[in-house]
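Novice: what's the 3D shape of this:
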Amino acid sequence: MKAVTLFDPTAPAEESEAESARTGVAGLSGAVIGFIDNAKPNFDHLVDDLAEILVGRYGARRVVKRRKPSASVPAKPELLEGLAGECDVVIAGSGD
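Specialist: Next up is the predicted model:
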């Protein structure tokens with residue numbers, strides 16, 4: 001099983017050694033970008049626009065979109081494993 005890396009969007013008070021050693025994606029050119037749609041209204045519109053920009057402007061190879069059944073439940077392990085095996089980067093999204 002491929003490892004899944006989760007990023008916390010909140011800013012840490014102080015960066016630890018472990019955090020400073022993290023590596024990210026070098027660039028988006030040729031990358032497969034995944035999105036987890038949390039099933040709130042309008043996220044599908046946002047991700048369609050983002051996909052166009054990521055492919056057209058930043059050279060992403062393609063964008064994969066998966067939708068959770070509801071914003072109130074976590075993504076199923078099968079969904080996460082599938083995205084981890086298929087994508088270089090996965091973004092959890094929200095709409096409204």
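
Novice: Okay, now stretch 74-94: how far is its last residue from its first?
Specialist: Taking C-alpha to C-alpha, to the nearest Å, stretch 74-94 runs 13 Å from one end to the other.

Novice: Give the buried residues for it.
Specialist: Ala75, Leu79, Leu80, Leu83, Ala84, Cys87, Val89, Val90, Gly93 (16 or more other C-beta atoms under 10 Å). Using the backbone N, CA and C atoms, a C-beta is placed for each residue, glycine as well.

Novice: Give the full set of residues in contact with the nearest residue to Tyr58 once chain neighbours are set aside.
Specialist: Nearest residue to Tyr58, sequence neighbours excluded (C-beta to C-beta, 6 or more residues apart in numbering): Leu28, at 4.2 Å. The contact partners of Leu28, by C-beta atoms under 8 Å, 6 or more residues apart in numbering, come to Leu54, Tyr58, Gly59, Ala60, Val89.
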